[in-house]
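>>> any chance you could fold what I've pasted below:
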Amino acid sequence: MSETKQPHLNGAYYGPPIPPRQSYHSHGRGRGCDCCLIDCGCCLLSLILKIIITIVVIVGLAVFLFWLIVRPNKIKFHVTDATITQFQLSTTNNTLYYNLAVNMTIRNPNKHIGVYYDSIEARALYEDQRFDSVWLTPFYQGHKSTEYLNPVFDGQSLLSLGSNEISNYNSEKNSGTYSIDVKLYLKIRLKVGAIKTGKIKPTVECNLKIPVNQTAGSFQTTKCDVNV
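Purely as a prediction, here's the structure:
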């Protein structure tokens, strides 16, 4: 038998394609880029934190310097006199008949701060129930000055008092001295130089002991509490 002649091979490879060799340097450059992005993010975050801290420090210094220059003090409210000519509660129809006049002082002790009183509502309350409300004229108070308010409450009002409140009323009627609260609801603005603040809404509460048919000097000047 004759041997089969093998075809001549030309050296070419016809098998499956050989995958390309992965470049080590190329992979290294990609990882370096990722690190760069991470580092840039850290640097940006650090820069933002430094800016925030700088702003906080500057604002803190500005507030401290403002306080050193202005030295703000609280406005002081006092009731210097209060007079009742009528304070009669009718138990048949739960109606209070009253006539109450109050004299108040407002002291601004500040050298550099003025106060605009844009809205002033004075309320009179008995046993935590309002029986009258009056609006007073707005005004401006200058530095280191004293202003005066004179709200007058006159009329009648329906009060829903329980048995304990009525008992307290009868007890105070017999003693000749009534516990009456006068509250101021304010809308004010502060002025420092040419700068004016936004509206502030403090409440002033005066807890009074007012004698009926009082003689001169029997009412004790009362300091009021200011709540902002």
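>>> ok, then the element right after the lowest-mean-pLDDT helix or strand in the chain?
The helix or strand of the chain with the lowest confidence, counting by mean pLDDT, DSSP states H and E, is helix 24-70 at a mean of 68. Going down the chain from helix 24-70, the next helix or strand is strand 76-90, by DSSP states H and E.
>>> let me know the pLDDT of Thr203.
Residue-level confidence at Thr203 comes out at 98, pLDDT.
>>> so what does it look like in phi/psi?
Note on Thr203: its backbone torsions stand at phi -120, psi 130 [degrees, to the nearest 10].
>>> and it, what does it touch?
Lys183, Leu184, Tyr185, Leu186, Val226, Asn227 (C-beta atoms under 8 Å, 6 or more residues apart in numbering). C-beta here means a position set from N, CA and C on the backbone, and glycine is covered the same way.
>>> excluding its backbone neighbours, what's nearest the last one?
Right, Asn227. Thr203 (4.9 Å; C-beta to C-beta, 6 or more residues apart in numbering).
>>> next one: the one you found relative to Asp225, how far apart?
According to C-beta to C-beta, to the nearest Å, Thr203 stands 9 Å off from Asp225.
>>> Thr54 too?
Distance, Thr54 to Asp225, using C-beta to C-beta: 40 Å.
>>> next one: Ile84
Distance, Ile84 to Asp225, using C-beta to C-beta: 22 Å.
>>> between the two, which one's more packed in?
Set side by side, Ile84 and Asp225 show more neighbours around Ile84, with 22 against 11, by other C-beta atoms under 10 Å.
>>> return the set of residues that bridge with the more buried one.
For Ile84, the beta-bridge partners are Leu100, Val212 (DSSP bridges).
>>> so it makes contact with Asn99?
Yes - with contact defined as C-beta atoms under 8 Å, Ile84 and Asn99 form a contacting pair (6.9 Å).
>>> where in this structure is pLDDT low?
The model of the chain has pLDDT under 70 over residues 1-39, 41, 64-71, 214-217.
>>> would you map out the domains in it?
What automatic domain parsing lists as the domains of the chain is 29-70, 76-227.
>>> any idea what the residue nearest to Asn227 is bridged to?
Tyr185, Asn227.
>>> for Tyr148, same thing?
Thr105.
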